[in-house]
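Asker: no sequence on hand, only this structure:
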């Protein structure tokens, strides 16, 4: 039996994945370190901030056991700067994602003395959610992969931890509209073999536009084949047009 | 109330609105009114005033300087008249709508003109082409007034908002809109919404809608004292006396009230029913006991001896402070901050007069006109002011230099003799902030925070914790007016100053007990005040004004009392059994006291450090002193440097080592940010502080978030932006590693001291071994960086190898591997030789 879901990740699945992102939490009570599937967490000891996965942070926040420190890029001034970059400087492109940290070696028990040598062992390029892109140490001038879903979750669960939640909401909506407009504009130039550059596009934006873009690309692929069909055998095309 | 027969209105102008202004030297009084004449009265003479005729009539505003005066009229012209020739000097500015108010800056250079136009113009009185515009108000301005320094101007707008501009910059800059202070009045209303600056410049007063006079401070825009319930109708005029000790207000029912600034009480009320119309303008004579006012009927009143004789001394006092609720100049705040401390804040009377030089001309010739006590050489018999009054220092004031309103001196007058002032460090309670408005923090640390609110008759104290699970926040009404607090995991300690009901009291309130709460109070002997208090997990410490250090147990048992060796005390801190006290020591060459600290172990009754100095650079002050979470004393000074005390458990070995220079932090390197760091604690090898932006010096409400910063020992300046990026990067890499080495080495020694002097747990010992390896690892990286640089750096690399702590030889082996990798064979051989020598123990012998 075929799964009734469209291919790719749906927005809700995307939001679920986003909950693995690490955020910085200011605990309001003590908690021993937890052995989670994703690795152990730091013991919580107020008022020292600690990184926790978003789902756990939201849970603690709902129980009023912690406050969430918003990442630097989610402050009104940084968002305003990114928005200005998107509208004025970047033109067609999207604002670039945060820089990746240098790759690290995979094996945990590397001889410490050889750590300075160029890694001969297999290296691991980190990607979300293992990047600390949403903790307080994140860069303030770049939107991470999960920016949209993360900000929505934080605004819904912890609006009191924001400096100015209303202006953050407004700026986020502006950003989203600007970037969505760019995505749609990109589709206009799409052809069967062409592509658009989607560097810096967030996960949720892809998930949201996947159905639409996929449909357009499928349609475009269909049109030339139809044309060739028309050339090949005349009658069939007419009947197809009639059915549509 | 009886009015002396001497009070009579002088019909100065035709009936109608009349205004007046004294020249700053007080010799002349100029009135303008409805007719086209201006009248200049000489103070102290009953002669007919000089009259200047003018083409304009219906004058609405006047401002006078010593040599000229500026008059505005209803037809929108502002003219300047000379007082020397008593004639028109020229047109200053023209407006399309009637002029409402004119103010001259204290130096007489700028004239601010408020008209029914929206823009307030500030015109240069010497060059009418130089104009500044104040454009922010949406409606016409009713009054303008300069502050005594001339760097701020307050505009009372007809929309009921006071706009305060700063004139320090090229373009006037709006710094504050004060809502809800004054009423929204029409620009030609009789009632007044004028802002009058207190002569000391720290506050201003304005009439409110409730017919009171509200004082507001300029530093934090908080409402301060109120002169209340003096008038039953609208206030139409108000004026401070020139020393700020008295305030005169007049209301529409023709009452004049004299207020004492200090107590905000009514000294005298004059029910001037004989005056026919509302008083529109009033001004004190700059030196005499004389208040002049004009009414809406063209009359001028010179009210001599208005201050009753029993209060006349108020007028003769020096400049009085503005009535602020918590005057930072009067009470010593808990946090000394950057106040210049001095033990010589004497009043002028008992200060020692300078002795004359032996056989000086003055001594030989005797008293003359300028010597004190002697008969004045020039007798000022007509009050024209030929002779300037000598001030408290026997010097003539700089009043003759122009404006007559000297700005308040920047620092208090410490001492009158030849010696320069001695700067003593003020005592402070670590972690507290001074009063701002009606609230302050008594204690701010990583456990929680204690803050108090002044409710006039009592205070309310709130204690909040970060860990809400373990502790419960509490709140209580405080009739003792506690002004110091110390908070830790076990309890809260308070102390209050002595008052007439109770002596100075120390109050300890534990957070939790297994019996009923056992909070206790100790009263200190009479006339002894606690200057700072500290609480550790086992002791309570207080330093007192009598120079004692008092140590109690957590249940109030007095354990020790001893005289502090260096006093007066500045601050104290406590951690477990250790007590750190800081006091003022001997004078240094720059006439500041040298700060001295002592550390004592109370339990073992053992002195760890005795009267050792705290090295502060030139004019820096202590901001905070505390123990880090691992028990090392830390200080933070006004230069923004965090210092930690190394080897403090051994007598004579202690030294202060910088852990972090906040001025060198990367976030400030762009030069765009201007922020200060208010220290809170050092914990988990991080510096916890509150970032203060916008020129603030202390944290305020709502409580700002804590920020944490890694240590960074100031070894070298941060990455200079050179053109050759690659070279710069290599350079900074080495610098970074060097800094990291010094920092880790420092933390290692702190940890070693701790582990060796306490019953260390297994985890601590493990941590120590790990830290040692960390230091060596940093050195290995440094060797790699040096090898990469080139063959010629081999000597340096070998030296770095020699710094390694590791005795097992593994680290040296690794170093040799690095040298092999970079094909530095000579270096490798030398490292191997060193490793061999170490292995057989030769190295130790060589070192000795």
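Answerer: That came in fine, so what should we check first? Source: prediction; values computed, not measured. Residues are numbered from 1 along each chain as shown, chains lettered A, B, ... in the order given.

Asker: so which residues make contact with stretch B:782-798?
Answerer: With Cβ atoms under 8 Å, 6 or more residues apart in numbering or on different chains as the test, stretch B:782-798 has contacts from A:116, B:730, B:733-734, B:737-738, B:741, B:800-801, B:815, B:818-819, B:821-822, B:824, B:826-827, B:830-831, B:834. In this view, the C-beta of every residue, glycine as well, is placed from N, C-alpha and C.

Asker: mind listing what's buried in that stretch?
Answerer: Buried residues in stretch B:782-798, counted by 16 or more other Cβ atoms under 10 Å in any protein chain shown: B:782, B:783, B:784, B:785, B:786, B:787, B:789, B:793, B:794, B:797, B:798.

Asker: quick check, nearest of those residues to chain A?
Answerer: Comparing those against chain A with Cβ to the nearest Cβ places residue B:784 closest, at 4.7 Å.

Asker: phi, psi for that closest one please.
Answerer: phi -60, psi -40 (degrees, to the nearest 10).

Asker: the residue nearest to residue A:22 when sequence neighbours are not counted sits in which helix or strand?
Answerer: Nearest non-adjacent residue to residue A:22, counting by Cβ to Cβ, 6 or more residues apart in numbering or on different chains: residue A:51, 4.5 Å away. With elements taken from DSSP states H and E, the one containing residue A:51 is strand A:50-53.

Asker: heading C-terminal from that strand, find the next helix or strand.
Answerer: Using DSSP H and E, the helix or strand that follows strand A:50-53 towards the C-terminus is helix A:54-62.

Asker: ok, back up a step: pull out the buried residues from the contacts of stretch B:782-798.
Answerer: Counted by 16+ other Cβ under 10 Å, the contacts of stretch B:782-798 give A:116, B:733-734, B:737-738, B:741, B:800-801, B:815, B:818-819, B:822, B:824, B:827, B:830-831, B:834 as buried.

Asker: among the residues you listed, name the ones in helices.
Answerer: Those of the buried ones among the contacts of stretch B:782-798 mapping onto helices are B:733-734, B:737-738, B:741, B:800-801, B:815, B:818-819, B:827, B:830-831, B:834, per DSSP state H.

Asker: of those, which ones also sit close to chain A?
Answerer: With Cβ under 8 Å from any Cβ of the partner chain as the criterion, those include residue B:818 near chain A.

Asker: other SSEs contacting the biggest strand by length in chain A?
Answerer: In chain A, taking DSSP state E as the definition, the longest strand is strand A:22-27. If contacts are counted by 3 or more Cβ pairs under 8 Å, 6 or more residues apart in numbering or on different chains; DSSP states H and E, strand A:22-27 sits against strand A:50-53, helix A:54-62, strand A:66-69.

Asker: winner for burial among the ones you listed?
Answerer: strand A:66-69 (a mean of 23; mean count of other Cβ atoms under 10 Å in any protein chain shown).

Asker: which residues touch it?
Answerer: A:23-28, A:44, A:49, A:52, A:57-58, A:60-61, A:135-136, A:154, A:157-158, A:161, B:705.

Asker: that strand: partners in the sheet, and parallel or antiparallel?
Answerer: strand A:22-27 (antiparallel) (DSSP bridges).

Asker: residues contacting the residue nearest to residue A:22?
Answerer: A:22, A:23, A:24, A:25, A:42, A:132, A:135 are the contacts of residue A:51 under Cβ under 8 Å, 6+ apart.
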